[in-house]
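Participant: Dropping a prediction and its sequence here:
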Amino acid sequence: MTTVQGHCDPAFSAVRDVFDQNFADGRELGAAVAVYAGDRKVVDLWGGVADRRTGREWLAETPCFAFSCTKAVTATAALLLAERGAYELDGPVTAWWPEYGVQGKEGTTAAHLLSHQAGLPAFARPVSAEEAADAPGRAAELAAQAPEWEPGTAHGYHALTFGWLAGEIVRRHSGRSVGEFVRDEFAGDRDLWIGAPDEVIDRAAKLTAGRRAPQSGADAPKAVEDGNVLERLANAYVDPDSALNRSLNNPHPGKGGYNNPVVLRAGWPAAGMIATAPALAGFYRDLIAGRILRPETLADALKPRVSGADRTMLVQSSFGLGYMRPAMTFFTPPAGRQSAFGHTGAGGSIGLGDADAGLAVAYLPNSMGDQLSGDLRAYRLTEAAYASLS
């Protein structure tokens, strides 16, 4: 039986109970969860196996690949530059990226890039992991590509292309990669990397694609149990021509999947972050406390720019400027339905902030499992964190 280690404030024992139960029910291989209430780190728990092949134990300093949780960090970098006056969020992209204004994309704004409205949810050709390491090259390729819809008229999740679009905001206005800018400006010595050195890659958890026990029941969010939604997503995922398949699987991470050091070193700005749970939760703690962005900048970024049917994910989604807002793609407990924001990641990870509640949560697992059965691990941990505030 897995022994969970770490610290949990007694008032937040419900979070530990859920975390323990996930292991007891066979839903985890290895994982970590961290919660801040204000500036107090009230939960810092970890357990299980970091590497199934070697049996390496998950330790306090074990970071984990965070998939699309990366997008919120990349968006924050872009927003910080806008706050400093480097560019206008609602101004044309062509003002600072003239090559972008072709193929009907002349009216695209930076806000469109940050809110999945650019119409470029996937590359038009197969891209390798090695090619994806060339961020300027991939941005230039997208700049020359025709959009799948008129920018600003619809939204569809840009699962991987988001990073090279939003990342070009950072690169062109700071002269640095997203990973360099994040380290320099607000990550500091935090164990959070977009483009990790070999030492971090070596101690990171290894992802495992294994089927877990299904999670359902009366307490599940309605959308998780909606068979029509799950069937529609399953069909789209295996259809090579669907926007969902093309968006999620190109570039392909290559041999080893997202354990591939080529991907981890490159730090894809949409899905390339490696972090510990306390580091990711600490990012949200500082964000909602006004230490990274001014409160008014964050408040504007959280206003939903798009809500409704997502042309890529085929379900209801809602996005501010780079941040997910509560919707079918970002399940939040009732207590956080109006004020929670952040980003989920494939495999079940989540980073969440809530300025009204003073809450910051991060959960990172290495067991990918079968998400189409309904992955409620993050939801239940977040639900327990909110309940512990009362």
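Facilitator: Noted; the coordinates are in hand.
Participant: make it CA atoms for all contacts and neighbour counts henceforth
Facilitator: Will do.
Participant: backbone phi and psi for residue 94, please?
Facilitator: When read as degrees, to the nearest 10, the backbone of residue 94 gives phi -60, psi -20.
Participant: doesn't residue 106 make contact with it?
Facilitator: Yes - counting by CA atoms under 8 Å, residue 94 does reach residue 106; the two are 6.9 Å apart.
Participant: which neighbours do those two share?
Facilitator: residue 100 (CA atoms under 8 Å, 6 or more residues apart in numbering).
Participant: Which of the helices or strands spans residue 6?
Facilitator: Using DSSP states H and E, residue 6 falls within strand 5-8.
Participant: Show me the strands paired with that strand, marking each as parallel or antiparallel.
Facilitator: Strand 5-8 has the following strand partners under DSSP bridges: strand 40-51 (antiparallel).
Participant: pLDDT on the strand it pairs with, on average?
Facilitator: Averaging pLDDT along strand 40-51 yields 98.
Participant: show me where pLDDT drops low in this structure?
Facilitator: For the chain, the stretches with pLDDT under 70 are 210-230, 369-374.
Participant: give me that answer again for 90
Facilitator: Applying pLDDT under 90 to the chain picks out residues 1-3, 209-241, 328-329, 331, 333-338, 347, 368-376, 390.
Participant: all helices for it, in order.
Facilitator: 13-24, 70-83, 110-114, 129-132, 135-144, 161-174, 178-182, 198-203, 227-238, 243-249, 261-266, 277-288, 295-302, 377-389 (DSSP state H).
Participant: what's the third one in contact with?
Facilitator: What it means is helix 110-114. Residues external to helix 110-114 that are found in contact with it (CA under 8 Å, 6+ apart): 75, 88-93, 118, 151-152, 162, 165-166, 169, 320-322.
Participant: Now for the residue lying closest to residue 359 once chain neighbours are set aside, how many residues are close by?
Facilitator: Computed as CA to CA, 6 or more residues apart in numbering, the closest residue to residue 359 that is not its neighbour in sequence is residue 37, at 4.9 Å. Using other CA atoms under 10 Å, residue 37 has 20 other residues around it.
Participant: what's near enough to touch residue 37?
Facilitator: 358, 359, 360 are the contacts of residue 37 under CA under 8 Å, 6+ apart.
Participant: count of residues packed around the second one?
Facilitator: Read that as residue 359. Burial of residue 359 is recorded as 25 neighbouring residues (other CA under 10 Å).
Participant: Pretty sure it sits against residue 35.
Facilitator: Yes - at 7.2 Å, residue 359 counts as touching residue 35 under the criterion of CA under 8 Å.
Participant: Touching both of these two, which residues are there?
Facilitator: With CA under 8 Å, 6+ apart, residue 359 and residue 35 have no common neighbours.
Participant: So what's the residue count around residue 236?
Facilitator: Counted with other CA under 10 Å, residues neighbouring residue 236 total 19.
Participant: residue contacts, it?
Facilitator: Contacts of residue 236 (CA under 8 Å, 6+ apart): 242, 243, 244, 245.
Participant: ok, 10 Å please
Facilitator: Contacts for residue 236 were tallied using CA atoms under 10 Å, 6 or more residues apart in numbering; they are 230, 242, 243, 244, 245, 246, 312, 313, 314.
Participant: could those residues go into JSON lines alongside neighbour count and distance to residue 329?
Facilitator: JSON lines is the format used below for the contacts of residue 236 (neighbours: other CA atoms under 10 Å; distance: CA to CA, whole Å):
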{"residue": "230", "neighbour count": "18", "distance to residue 329": "12"}
{"residue": "242", "neighbour count": "15", "distance to residue 329": "18"}
{"residue": "243", "neighbour count": "21", "distance to residue 329": "16"}
{"residue": "244", "neighbour count": "26", "distance to residue 329": "13"}
{"residue": "245", "neighbour count": "20", "distance to residue 329": "16"}
{"residue": "246", "neighbour count": "25", "distance to residue 329": "18"}
{"residue": "312", "neighbour count": "24", "distance to residue 329": "12"}
{"residue": "313", "neighbour count": "24", "distance to residue 329": "9"}
{"residue": "314", "neighbour count": "17", "distance to residue 329": "10"}
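Participant: Farthest pair within those?
Facilitator: 230 and 246 (18.1 Å; CA to CA).
Participant: Please name whichever of the helices of the chain is nearest to residue 58.
Facilitator: helix 198-203 (9.3 Å).
Participant: and the gap between residue 129 and residue 304?
Facilitator: Separation of residue 129 from residue 304 (CA to CA, to the nearest Å): 32 Å.
Participant: of those two, who's got more company?
Facilitator: Legend: neighbour count by other CA under 10 Å for residue 129 and residue 304, higher for residue 129 (21 against 17).
Participant: I figured residue 70 hits residue 166, correct?
Facilitator: No - with contacts defined as CA atoms under 10 Å, residue 70 does not count as touching residue 166, sitting 11.5 Å away.
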